[in-house]
Each structure stands twice: as structure tokens, then as C-alpha cells.
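J.: Any chance you can model this:
(2 chains)
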Amino acid sequence: MASGSHATLEVRKLKKNFLVGKEEIPVLKGIDLKVDFGEFVVILGPSGCGKSTLLNTILGLEEPTEGQVLVRGKDVYTMDEDGRANFRRQKFGVVYQQPNWIRSLNVIENVAFPLNIAGVHHHTAMKRAKEILYLFKFDKYEKYYPMELSGGQQQKLSMCRALIANPWIVLADEPTGNLDTITAEDLMYDLKVLNSESRRTIIMVTHNTDYERYATKLIYMEDGLIKKIEQREKPVISQEEEEQVIDLAEEGLAK
Amino acid sequence: MKYRFIIKLAFKNLRRYKLRTFLTAGGVAISIGFITFLTSLGYGLQKVSTDQIANMQALQILDVDTGKSKIVSINNDTINKFSNLLGVEKVYPVVNVAGNLGLQGSKVDGIVYGKSQDVLNIEKPKILAGKTLSSDNADEILVNETAVKKLGITNYGDSLGHDLDLKMVLRPELLGSSQGITKTIEKKYRIVGVMQEGSSPYVYLPLENLKALGIVNYSGAKVKVTSQNNVDKIKLLIEHMGFKVSSVKDTVDQVNQFFSVFRIVLTGFGLIAVIVSCIGMFNTLTISLIEKTREIGIMKSLGTTKKDIRKIFITEALLIGVIGGIVGMILSFLLAEFLNASIFALAKSTGNTPVQLFVFPIQLIIVAFLLSILISFLTGAYPSRRASKISALNALRYE
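T.: Below you'll find the predicted structure:
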């Protein structure tokens, strides 16, 4: 697939209705969006405007009522559910407002989980998890259970989990929602570094306008529609750099 | 996802909820243990009764007689004919006649059997006192306990060494007489032994001795076949010659059939326990599914396929079922062996023949193991399917 001819992510005429009782409630009413490689997209909007639904639809978790989601030209919803699951773990890393853990696994095992899903050899998975924990200064907690850590630590840990497979795109749904200001800034800084230095495309949903300053592209949503798109910067990324990140993701799941 | 990882994850999940795992697997253990225990009792009882009917050698013997037929008779020629059949090892003639036993003034009717040494060696009658017949033509006789009692001797040992007045009525068929003449013979025989078996009076005489009285035709024959597999074939062949054939195997087959039904009844009781434990296990798995809703959500959003989610849940069910099943089998085996040993000790101390009341044939162990796997699949199927169908989004919103 030629990288230049397709946007990293493209959403076309996306509509999503939810069935509440017998009534169909439209949540997304026709979203068009293009994200280029290496962008830091911040989606802003009030609660209930459809931000999270959009994010989950991009992830392949929520089948749209109408429209398409294309990742480098590949229509995500032409695949079946298991196909999307496989696709998701190769391309996306995800951080939620609440870090959801597998409670029977400790810190390092939880971080290594995405690799284990992909069938990466256990020793390789643990080695890589150790490396990333070291990078985020979590090495001394690896035998703890995630629930024993503070909220901020858990949120950082879920970043480790999101990044272990070297995804191209990191989706973050209100990642700072449960954190105090200082811890939140710290996490945002990590995301920024990940974007500017590691060249990962980031799509973040928030209702905190403070984070506008991190964005290369700002999207304002309201009532299931995009009200305004503001392109603040155009990331300059060479073809080689892009290929490197993509190769890294391929290697990320190498067994 | 690799199986190794799935199994590891399942183990960790089970370890996390130790008490629940212990109780659920315990339920399975009790039910599988109970069902194997009962079934092994069924097998044991069956073995005890078939062992009493016949030793292995007796299973290879066919009893042939003329039935009600007036046309066929069993003489030396017939015996030869039987011997020449393929698969027949040896044929022993049998004679029995109606007789009247007299001892010290009392009299009782009984049956007189002519037995060769060969036949006695196979049948091995249980001798309570004295010894067996010494040769094929001695003037000796074996009487059974019932006969001795009916002759008024309470302590059977006292009869040994006495002479028994035997009055025999030889039927014309045995004498080969065409005129239909019956011959009555009176003769004395020394009692050398008392046998245990039988509810009606009978005696054993050496065969040649009896034949010497003028017997040409035998009342029947015992046909020994080379292996148990030949029993049915030879039986059919001899029946086609016009004779009536019966075998211990028929009786054993009937007993086996009875015990198969009996065992099914016992197993049925055990199955009730299995059903109860299934309900318990199903309940546990469903609750654990509900508790893990959020975990399923995150697993899915991290890219776990439906298939893998299903595998994780079914593996947990399998672990509970298989561990429970193995523990149950071990427990029931230990209990059964303990009871077997106790019965053995008790029988020895009271001077009875020890019996093995519980038997664990390999097929029982295999079936019980397969049953525990079946339980796991039956109870795990629905929760794991439901788990795989949970929507990741709803699961993550789930509190």
C-alpha cells in the first residue's frame, strides 16, 4: 500500500445510532475527518457529544450505522469482528480514562498482555515489558498488582501497555480524567514526547480545553457533528520516518 | 494467543479466587468420586458373583445332552464326533441316573453322577471332609452335604468310611435296549468324601465303575473348547447335530446382563450428584463471567479475538472440571481400596473367603475422566459464548 496516497486515518460520512428501548438515538450524525501521519489530534467537546463513540468506532469496536473508517486506505469494517481485533492490536494502542486491568495478572504481566495476545513468545514479551517499564521508571513495581498503585501511576502504566506493541496510532479517551493537575500534565508531556520524538500519531478525546496547546489539529465536536477543525501545525515527517514507525510496529509483534 | 498463555492465565484466575475454585472443584470431585465409587461397586459385585459361578476353565465347557429327543443318543461314537470338531479340546462323557441312597436304615432319593477323574479335575468340587475319588473304577462314592443330612447324620464327617447302599434305576436309553427294559441295580460303595454344593441330595461315582453296570449310552457329555471365543460357534454346531447344549457362559452372560443394568442404576444415582455439581459449576462460571465483564472489555479493546476470549473461559472450566475429576477419582479409589482392605481383614479374621467388593477397570477411569471433561464443556459452553459476545464498549462502561 503506498503510504503517500492515503491518509493515516480517514473517517467518511460516519453515522452511528444507538437503540435505546425502541427508539433510535443518533449519536454521530455524519463525521468526516482526515488524520495525517504524526499528528496530535485533540477532540474537544462537551459530555455526550459523541467523542468517545467516535474513538471506539475508529478502534473497530463499534460498528457504524453508516460510513467508513479507513486506516491507510484499508476499510476497517470490511473485516469481521475477529479480523478487526487482530487489526486493532497491530495498529492501535489505547488508553482509557480508567485503567482497566486483568486482576489476576501483576504489573509486568498486564503490560506484556498485548504481546501475549498476539502470540509473541513469553520470554520476548516479558523482556520487552521490562524494557518499557524501565523507560517509564516502573521497574521496581513490576511484581505489584496494578490496583496497588496510585491513579496517576496506573494511568502511566496503561500507557506502557498501549505502547508495548509499538502501535502507529495511540488513542486516548480522557486519559487525564481521573488525575490531579500535576499528574495530568506529566502524562500529557509523555504523550507529547511520544508524538514529537517517536512520531506516533495521537488521537485524544478530552473536555479539558487546557490541552488545546498540545494539538497539531484541534477538533471541536458538538451534538454528534464536527463544528470546527483547526489545523495548528503541519507535522513534517519524511517518508522514511513514517516507514520506520510502521516497520517498528511490524517488529513489535514479531514472535 | 498461545495455548500456554491461555492455560497460565486460567490458572492465575483460578488462584485469585481460591475459595471459590476450591468449592467448585470440590463439588465436581465429590460427584465424580461418587459416581466412580458406585460404578466400581457395581463392577466389584459383578465380579464377585461371576467368579462364584465359574472359574475361567468352566467358561470353556459346554454341557451336551439329548434333551427330549428319542432319536439321538450320546455314545462313544458321538463323543468321537464331538472331539473331531475344530476348536474342541476334549470331550468327557457324563452319566447320571436316579438312585436311592441308604445308610444305617434311613433312605433318601438322589441323583447318581458318573464322574471321570478328568471331569473332577475340571469341576473341582469343594470337599468338606475326606477326599475326592481315587480312581475311575474304585468302589468309592462322594456324597453331598444335603444327602448326608437327609440321611440323618448331623455331623457330616461321621459318614466317612461307611458303606452306602445305592439302588440305581438304569433307564433303557442308557442301556441301549430297544425293548425298553429298565434295570435296577443295588450295590454298596464306601463314602470317601463329603461335598459342599447342592440343595438336593446327589452322589458322585467313578465313571468306569458306573459304566461297568451295563451302560452303553451316556446321559450327556461335557465338551471343553480351546478358547472362550469358540463357545458360541461349537454350541451351534452341536445343536445342529440334534443335541441340547447349555454352558456356564450362558449363565455368566445372564448375570453380566443383570449387572450391567444394576450398574446403570448405580451410575444413575451418581449422575444425580454430577448434575448437582454441574449446576454449581455453571453458577460459578456465570458469576465469574459477570465479575470479569470489565476485564473482557479491556481484553477486547487490546485486540483479543472472540475466539480467544471463548478459549480463556472454556479453559477455566476445563481446569476446574479436570482437577475436580482427578481429585474425585483419587478419593474414590482410596476409599474403595480402604474398604477392600477392611473387608479383606475382616474376612480373614472371621475365616471367610475374602472378596474384592470394588473394582476399577481401566474403562471406568477413562469414562470418569471423559465425563469430567464433558461436564466442563457443558457448563463452560454458555458462559464462554456469552463472554465472547460481550460488547467491549458496554463492558468498559460496566461498573
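
J.: The closest residue to chain B within the stretch 1-150 of chain A: how many residues sit nearby?
T.: Chain B sits closest to A:R89 of the stretch 1-150 of chain A, with a gap of 2.5 Å, by CB to the nearest CB. Using the backbone N, CA and C atoms, a C-beta is placed for each residue, glycine as well. Neighbours of A:R89 under the rule other CB atoms under 10 Å in any protein chain shown: 23.

J.: residue ranges for the helices of the stretch 1-150 of chain A, please.
T.: Taking DSSP state H, counting those that start in this stretch as the criterion, the stretch 1-150 of chain A carries its helices at A:51-59, A:81-91, A:107-117, A:122-135.

J.: Contacts only, for B:T379.
T.: Listed by CB atoms under 8 Å, 6 or more residues apart in numbering or on different chains, the contact partners of B:T379 are B:278, B:281-282, B:285, B:317, B:321.

J.: In chain B, where's the longest strand?
T.: Across chain B, the longest stretch assigned as strand under DSSP state E is strand B:88-103.

J.: Which strands or helices does the helix or strand just after that one pack on?
T.: Counting by DSSP states H and E, the next helix or strand C-terminal to strand B:88-103 is strand B:106-115. Contacts defined by 3 or more CB pairs under 8 Å, 6 or more residues apart in numbering or on different chains; DSSP states H and E place strand B:106-115 against strand B:88-103, helix B:145-150, strand B:202-206, helix B:207-211.

J.: helices and strands around the top helix by length along chain A, which ones?
T.: Secondary structure of chain A read by DSSP state H shows that its longest helix is helix A:181-196. If contacts are counted by 3+ CB pairs under 8 Å, 6+ apart, helix A:181-196 sits against strand A:40-44, helix A:151-163, strand A:169-173, strand A:201-206.

J.: residue contacts, the closest residue to chain A within chain B?
T.: Here the residue of chain B nearest chain A is B:G303; by CB to the nearest CB that distance is 2.5 Å. Neighbouring residues of B:G303 by CB under 8 Å, 6+ apart: A:85-90, A:92, A:114, A:117-118.

J.: Redo the residues you listed as a markdown table? Include pLDDT.
T.: Shown next, in a markdown table, are the contacts of B:G303 (pLDDT from 0 to 100):
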| residue | pLDDT |
| --- | --- |
| A:A85 | 90 |
| A:N86 | 88 |
| A:F87 | 89 |
| A:R88 | 89 |
| A:R89 | 86 |
| A:Q90 | 85 |
| A:F92 | 91 |
| A:P114 | 91 |
| A:I117 | 88 |
| A:A118 | 87 |
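
J.: Just give me the neighbour total for A:L19.
T.: A:L19: 8 neighbours (other CB under 10 Å).

J.: An error on my part: the question was meant for B:H162.
T.: Using other CB under 10 Å, B:H162 has 17 neighbouring residues.

J.: Looks to me like B:R263 is in a helix.
T.: Yes: B:R263 forms part of a helix when assessed by DSSP: H, G, I helix; E, B strand; the rest coil.

J.: what does the stretch 1-150 of chain B put close to chain A?
T.: Residues of the stretch 1-150 of chain B found near chain A (CB under 8 Å from any CB of the partner chain) are B:1-2, B:4-5, B:9, B:12-13, B:15-16.

J.: now the closest residue to A:M204 other than its chain neighbours, which residues is it bridged with?
T.: Among residues not flanking A:M204 along the chain, A:A172 sits closest, at 4.3 Å (CB to CB, 6 or more residues apart in numbering or on different chains). Judged by DSSP bridges, the bridge partners of A:A172 are A:V95, A:M204.

J.: What's the local residue count around residue 49?
T.: Let's take chain A. There are 23 residues near A:C49, going by other CB under 10 Å.

J.: that's the wrong chain, I wanted chain B
T.: 15.

J.: Same check on B:N217?
T.: Around B:N217 there are 20 residues (other CB under 10 Å).

J.: Now the longest strand of chain B: average pLDDT?
T.: Here strand B:88-103 scores 86 as its mean pLDDT.

J.: ok, back up a step: so which of the helices of the stretch 1-150 of chain A gets nearest B:N209?
T.: Closest of the helices of the stretch 1-150 of chain A to B:N209 is helix A:122-135, at 85.3 Å (criterion: CB to CB).

J.: Now do the buried residues in that closest one.
T.: Going by neighbour count (16 or more other CB atoms under 10 Å in any protein chain shown), the buried part of helix A:122-135 is A:125-126, A:128-130, A:132-133.

J.: any chance of those residues in CSV, plus distance to chain B and pLDDT?
T.: Shown next, in CSV, are these (distance: CB to the nearest CB, whole Å; pLDDT from 0 to 100):
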residue, distance to chain B, pLDDT
A:A125, 9, 91
A:M126, 11, 93
A:R128, 15, 91
A:A129, 13, 92
A:K130, 17, 93
A:I132, 15, 90
A:L133, 17, 92
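
J.: Quick check: bridge partners of the closest residue in space to B:H162 that isn't next to it in sequence?
T.: Spatially, and ignoring its direct neighbours in sequence, B:H162 is nearest to B:I191 (5.4 Å; CB to CB, 6+ apart). With DSSP bridges applied, B:I191 shows beta-bridge pairing to B:I141.

J.: contacting residues for B:I191?
T.: B:130, B:140-143, B:159-164.

J.: Please pick the buried ones from those residues.
T.: By 16+ other CB under 10 Å, the contacts of B:I191 give B:130, B:140-143, B:159-160, B:162, B:164 as buried.

J.: Which residue in the residues you listed has the weakest pLDDT?
T.: On pLDDT alone, B:S159 ranks lowest of the buried ones among the contacts of B:I191, at 81.

J.: so it makes contact with B:K149?
T.: No: between B:S159 and B:K149 there is no contact under CB atoms under 8 Å: 9.8 Å.

J.: related to what we said a few turns ago, quick one: which of the contacts of B:G303 is nearest A:V71?
T.: Checking those against A:V71 by CB to CB gives A:F87 as the nearest, at 7.6 Å.

J.: correct me, but that closest one touches A:Y77?
T.: No: checked against CB under 8 Å, the pair A:F87 and A:Y77 is beyond contact range at 10.5 Å.

J.: Find residues that contact each of those two.
T.: Common contacts of A:F87 and A:Y77 (CB under 8 Å, 6+ apart): A:G60.

J.: show me what contacts the residue in the stretch 151-255 of chain A that chain B sits nearest to?
T.: Closest contact between the stretch 151-255 of chain A and chain B, by CB to the nearest CB, is at A:R161 (7.4 Å). Counting by CB under 8 Å, 6+ apart, A:R161 makes contact with A:93, A:110-111, A:113-114, B:302.

J.: Sounds good, over and out.
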